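K.L.:
Predicted model, plus sequence, below.
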Amino acid sequence: MNAIGLNQILFLSTILFFIGVYGFLTRRNMITMLMSVELLLNSVNLNFIAFNKYLFPGKLDGIFFSLFIITIAAAEAAVAIAIIINLYRNHKSIDIDEADVMKY
Amino acid sequence: MSASVIIFYVLAAIIILGGVLSVTSRKIFRSAIYLLFSLIGIAGLYFYLDYEFIAAVQIVVYVGGIVVLLVFSIFLTHGSGEHMKQPNMWRALFSGLAALTGLILTLYIIGNQTFVSDNSTPMAPSVQNIGTQLVSVTSPGYSLPFELVSMLLLAALIGCIVIAIKPAKKADPKPLESNELRSRAENDTLTIENKTVA
Amino acid sequence: MLGANLIILIPVLPILCFALIALAGKRYFPKACGALATLTLLTSFCLSLMVAYQYFFVVGNVGGVFQKIVPVKMTWLEFSPGVSIDMGILLDPISVMMIVIVTFISLMVHIYSLGYMKGEERYATYYSFLCLFTFSMLGLVLSTNIFQIYVFWELVGVSSFLLIGYYFDKPSAVAASKKAFIVTRFADLGFLIGILVLAFYAKTLDFQELIMRLTTQGSYLTSMMSASFLGITALSWGLALVFIGGAGKSAMFPLHIWLPDAMEGPTPVSALIHAATMVVAGVFLVARLFPIYAISGQDVLHFITYVGLFSSFFAAIIACTQTDIKRVLAYSTMSQIGYMMFSLGVSGYGGEEGLGFMASMFHLFTHAMFKALLFLGAGAVIHYVNSNEMKDMGGLRKKMPITHITFLLACLAISGIPPFAGFFSKEEILQAAWQHDKIVFVVAIITAAITAFYMFRLYFTIFWTKDFQSHAAHDAHGTAGHHDDQHGEGPATMMFPLMLLALLAVIAGMVPFSKLVTSDGKPLITEFHPTFSIAPVLLAAIGILIAMRMYKKENQGPQKFADSVKTLYISAYHKFYIDELYIFVTKKVLFNLVGRPVAWFDRNIVDGTMNLMAYVTGEISFSIRKMQSGKLQQYAAYFFVGVIGFVLIFVFRK
């Protein structure tokens, strides 16, 4: 356990975060964008847990943060899906590039 | 090279590979499954770090809830079968470059940072401890965020239902008698009221 | 001494009357406004007389010198501990004399207007303007502070504008009022700059301090004399600019163009404003600052002499050719004020030297009497004949006896025939001129002769020459013919002021003026030199006889004389084309060379810059509008790149 330090876990979460960023900026389907967002949130969770374990072992703050993030991520994913479904009904497409009506 | 280190690297590989495949796959359903694997990998990492409760919550909520929700939404939007369109090459290049820049920058900053532990006696992250702190009002008490999150969930619940509800059927084109019109009108107002309630 | 409260009522009563008439009187009791205003003026006049009596005979004289008393002084606007604009009342010989003159003549005009303006539709407005004017003039003469005098100066200008343009449905009246206001305003620019120059160096705006600082040798005086611009010292500039302001109000050449046109106003207004009070404001200003002019500003005093002298001679020539009686009187006023100005110019300060000052003030006093009388008499004549032109008049001596006698007395007074008032004041002026500069004396005496000539030309043409035929009788209205015989000279309200003023025109010369009003407050002994007086009186008498010869009976004399000096006559008739010159300069030079380029600059460059800025903004926003493409991922990309940028900046700031 001592060989795996904080830095390794942080590296891992950073890489995961930027994979999520790439996915968010690149993907054309709204649902896959949502998946990228989940990746982002998970990387942040990992960060909190790591800090809690390695830097502040006497407290449980990191755990609670992660708990709440998971909860809120769930709620947010639900709302996002609802919106996507509504959009699909009106436009028959969930391609993000076709949802550009609010422009100049 | 002890076993724990190897386990860690295996978990890390699952996570990253799952993530990469998820964002690059051309079939949407596969993308969802790769996400699933990535999330299970993260749960495994939590187990590895001795945070069993969080790992369990991760599996139950994320894997069992959110991924399932994603799969249902894929079905509802009729996109499960076909290949998805490739992104524009310039866009992929640009965002890849941006992500890479960000990655290198962040890694650099993390690498140069010395993290100082406060070396206090570790508190066991047992269910009992978590539960006690979750509903306590003395410091460190998380009852307030707990209540707020529950309200947020309620709001999200109501919001989802209202947003995704199907609108009422339209009136048919043949001419109606007056009482039929009146009852139609009443039906319509009912639906409108439903919408306005939200 | 009268309490400060009562003294302050002298100007305050008229302004309260103005407010009352303007706010309530016009609507609720228009016919009573005349009586109300007259009563107010009567009260002010009585108070002024009391103040004058107290000042001259009871308290003002301390150790043989008349003191300057300041009963009221209140700081209004303080710029710095030394420099502040105060409002106050200053009593010294000239201001006390002026309040008596102003309230008296104003009272006479108010009484006269009761008859003259009767039946006028805007009767109440007329009286409210008169009250406003009286207030402004009284405030002007009672000022303690040079800025206060400027404030009231402008107020007087405004009142004059309102009164000249009283008949606002006549375009000529409107044009005349604008002309008066613009010309005097233009001169007031010089006045303001002069005030600023003087105040800058002397570091004060108060009259007494200003005079003290700029007449005694000290730091203020030396600093002002050493600073110079274009070869003229700052002091001379300040004094000259202040004089220019005074010259505008007093209709000195070349700022005189407004005075003849101002005759468009009702005749009592001309009597008040353009004969006795407002036009002497310039003379009053120079008199107020006289110690500075006499002791430290000799060069400016020379300038004033020449301006006054030239104006009086110039006006006298023009007056000989005019056919509108009010215009003749207007030029006569300009000429007499020229007398007052050059009399100040040839004066020194203190003792025997100050003869010119005393003479000028004396002439101001007597001139107010007989000029007001002349105007009011002319008003009666115009009222009777319904015309201003001399050719419509003649032989009126039988029809208007009172007017005839009073007008004759006034003409004798203005010509300087003993023992009427004008003789004494003109004597003193001519004596002062003789002592100082012989050339001035010669021109002055010639002007006096011409004055006698044109005044009697006026007199004879109105009251003698031919028998009066009202040309209304030649029109087809029989009733109009009866009208002239039936309506007499004028109501008693018009005749009473004429008679009172005539009496004063006769006896005013007997007032021992030199003991009361002098340049330094000490009494001056003046003697009567019979041998000296022979020349002026003789010349004046010759002028009268020539006028009698030419105008008493209708003959070809005037026409033949006019033909013999044709060009001179025609140019004098056209007022030497000064108005045309002004119009030329304004239109061709100012408008074209200054106005048009400035307007072009404003339209194209100032507006153009604004338009350009708007255009550029529009173009930029149009070209970057594609940034709002509606594509969510683009927005996210910009956001992300921005965040990276910020992190780079903040983390790697050296």
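P.N.:
It's in.
K.L.:
OK, contacts around C:Ala175?
P.N.:
By Cβ atoms under 8 Å, 6 or more residues apart in numbering or on different chains, the contact set of C:Ala175 is C:Asp261. Every C-beta, even on glycine, is put in place using the N, C-alpha and C of the backbone.
K.L.:
Just confirm it is within a helix.
P.N.:
Yes: under DSSP: H, G, I helix; E, B strand; the rest coil, C:Ala175 falls within a helix.
K.L.:
OK, contacts around the residue sitting nearest the centre point of chain B?
P.N.:
The central residue of chain B, meaning the one whose C-alpha is nearest the mean C-alpha position (Cα atoms, centre = their mean), is B:Ile66 at 5.5 Å. B:Ile66 makes contact with A:38, A:73-74, A:77 under the criterion Cβ under 8 Å, 6+ apart.
K.L.:
The residue of the stretch 201-350 of chain C found nearest chain B and C:Phe79: what is the separation?
P.N.:
Using Cβ to the nearest Cβ, C:Lys203 is the residue of the stretch 201-350 of chain C that sits closest to chain B, at 67.5 Å. Taken as Cβ to Cβ, to the nearest Å, the spacing of C:Lys203 relative to C:Phe79 amounts to 10 Å.
K.L.:
and the two? which has more neighbours close in?
P.N.:
C:Lys203 (16 against 10; other Cβ atoms under 10 Å in any protein chain shown).
K.L.:
Now for that one: which residues touch it?
P.N.:
Residues in contact with C:Lys203, defined by Cβ under 8 Å, 6+ apart, are C:82-83, C:213, C:220.
K.L.:
Is the longest helix along chain B positioned near chain C?
P.N.:
Secondary structure assigned by DSSP state H gives helix B:89-112 as the longest helix of chain B. Yes: remark: helix B:89-112 sits within contact range of chain C at B:91, B:94-95, B:98, B:101-102, B:105, B:109, by Cβ under 8 Å from any Cβ of the partner chain.
K.L.:
count of neighbours near the closest residue to C:Gly422 other than its chain neighbours?
P.N.:
The shortest distance from C:Gly422 to any residue that is not its chain neighbour, by Cβ to Cβ, 6 or more residues apart in numbering or on different chains, is 4.1 Å, and that residue is C:Ala413. Other residues near C:Ala413 come to 31 when the count uses other Cβ under 10 Å.
K.L.:
With B:Ser120 instead?
P.N.:
One way to gauge burial is a neighbour count; for B:Ser120, by other Cβ under 10 Å, it gives 11.
K.L.:
Correct me if wrong: it contacts A:Pro57.
P.N.:
Yes: at 6.3 Å, B:Ser120 and A:Pro57 qualify as touching, with contact defined as Cβ atoms under 8 Å.
K.L.:
any idea how far the residue of the stretch 201-350 of chain C closest to chain B is from C:Val643?
P.N.:
63 Å.
K.L.:
on that earlier part again, which outside residues touch the longest helix of chain B?
P.N.:
Residues external to helix B:89-112 that are found in contact with it (Cβ under 8 Å, 6+ apart): A:7, A:10-11, A:14-15, A:17-19, A:21-22, A:25-26, C:633, C:637, C:640-641, C:644, C:647-648, C:651.
K.L.:
Beyond it, next helix or strand please.
P.N.:
helix B:127-135 (DSSP states H and E).
K.L.:
Now do the contacts for the closest residue to C:Pro491 other than its chain neighbours.
P.N.:
Leaving out its chain neighbours, the residue that sits closest to C:Pro491 by Cβ to Cβ, 6+ apart is C:Gly115, at 4.0 Å. Taking Cβ under 8 Å, 6+ apart as the criterion, C:Gly115 is in contact with C:490-494.
K.L.:
For the residue in chain B that chain C sits nearest to, the count of nearby residues, please.
P.N.:
The nearest approach of chain B to chain C comes at B:Gly102, 5.4 Å away (Cβ to the nearest Cβ). Other residues lying near B:Gly102 total 20 when counted by other Cβ under 10 Å.
K.L.:
So which of the residues of helix B:89-112 next to chain C wins on neighbours?
P.N.:
Neighbour counts for the residues of helix B:89-112 next to chain C were taken using other Cβ under 10 Å; the highest belongs to B:Ser95, with 23 neighbours.
K.L.:
Can you pull out the low-pLDDT segments for the chain?
P.N.:
You didn't say which chain, so I picked chain A. Within chain A, the segments meeting pLDDT under 70 span A:1-2.
K.L.:
that's the wrong chain, I wanted chain C
P.N.:
Using pLDDT under 70, the flagged stretches of chain C are C:1, C:63-64, C:468-487, C:654.
K.L.:
Would you state the helices of chain A in chain order?
P.N.:
According to DSSP H, the helices that chain A contains are A:6-26, A:30-54, A:61-91.
K.L.:
The stretch 351-500 of chain C: helices as residue ranges?
P.N.:
Using DSSP state H, counting those that start in this stretch, the helices of the stretch 351-500 of chain C run over residues C:355-385, C:401-415, C:421-436, C:438-463, C:471-474, C:478-486, C:492-507.
K.L.:
correction: chain B
P.N.:
B:3-24, B:28-48, B:52-57, B:68-76, B:89-112, B:127-135, B:143-164, B:178-197.
K.L.:
ok, now how distant is C:Leu430 from C:Ala599?
P.N.:
Per Cβ to Cβ, C:Leu430 is found 52 Å from C:Ala599.
K.L.:
Over to B:Met89?
P.N.:
Counting by Cβ to Cβ, the separation of B:Met89 from C:Ala599 is 60 Å.
K.L.:
Please apply the same query to A:Ile69.
P.N.:
For A:Ile69, the distance to C:Ala599 under the criterion Cβ to Cβ works out to 69 Å.
K.L.:
Identify the residues contacting C:Ser270.
P.N.:
Neighbour list for C:Ser270: C:262-263, C:326, C:329-330, C:375, C:379 [criterion: Cβ under 8 Å, 6+ apart].
K.L.:
Tell me which of these fall in helices.
P.N.:
For the contacts of C:Ser270, secondary structure assignment (DSSP H) places C:326, C:329-330, C:375, C:379 in helices.
K.L.:
Contact partners for the nearest residue to B:Gln58 once chain neighbours are set aside?
P.N.:
Of all residues beyond its chain neighbours, the one nearest B:Gln58 is B:Ala43 (4.4 Å), with distances taken as Cβ to Cβ, 6+ apart. Contacts for B:Ala43 were tallied using Cβ under 8 Å, 6+ apart; they are B:55, B:58-59, B:62-63.
K.L.:
Please apply the same query to A:Gly58.
P.N.:
Each residue near A:Gly58 by Cβ under 8 Å, 6+ apart is listed here: B:118, B:120-123.
K.L.:
how about C:Ile89, phi and psi?
P.N.:
The phi and psi values for C:Ile89, taken as degrees, to the nearest 10, are phi -120, psi 130.
K.L.:
what bridges to it?
P.N.:
For C:Ile89, the beta-bridge assignment (DSSP bridges) gives partners C:Val72.
K.L.:
Next, work out how far apart it and chain A are.
P.N.:
Applying Cβ to the nearest Cβ, to the nearest Å, the value for C:Ile89 to chain A is 72 Å.
K.L.:
Would you format the contacts of C:Lys203 as a markdown table with distance to C:Phe18 and neighbour count included?
P.N.:
Putting the contacts of C:Lys203 into a markdown table (distance: Cβ to Cβ, whole Å; neighbours: other Cβ atoms under 10 Å in any protein chain shown) gives the following:
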| residue | distance to C:Phe18 | neighbour count |
| --- | --- | --- |
| C:Gly82 | 35 | 13 |
| C:Val83 | 31 | 16 |
| C:Arg213 | 37 | 20 |
| C:Tyr220 | 39 | 20 |
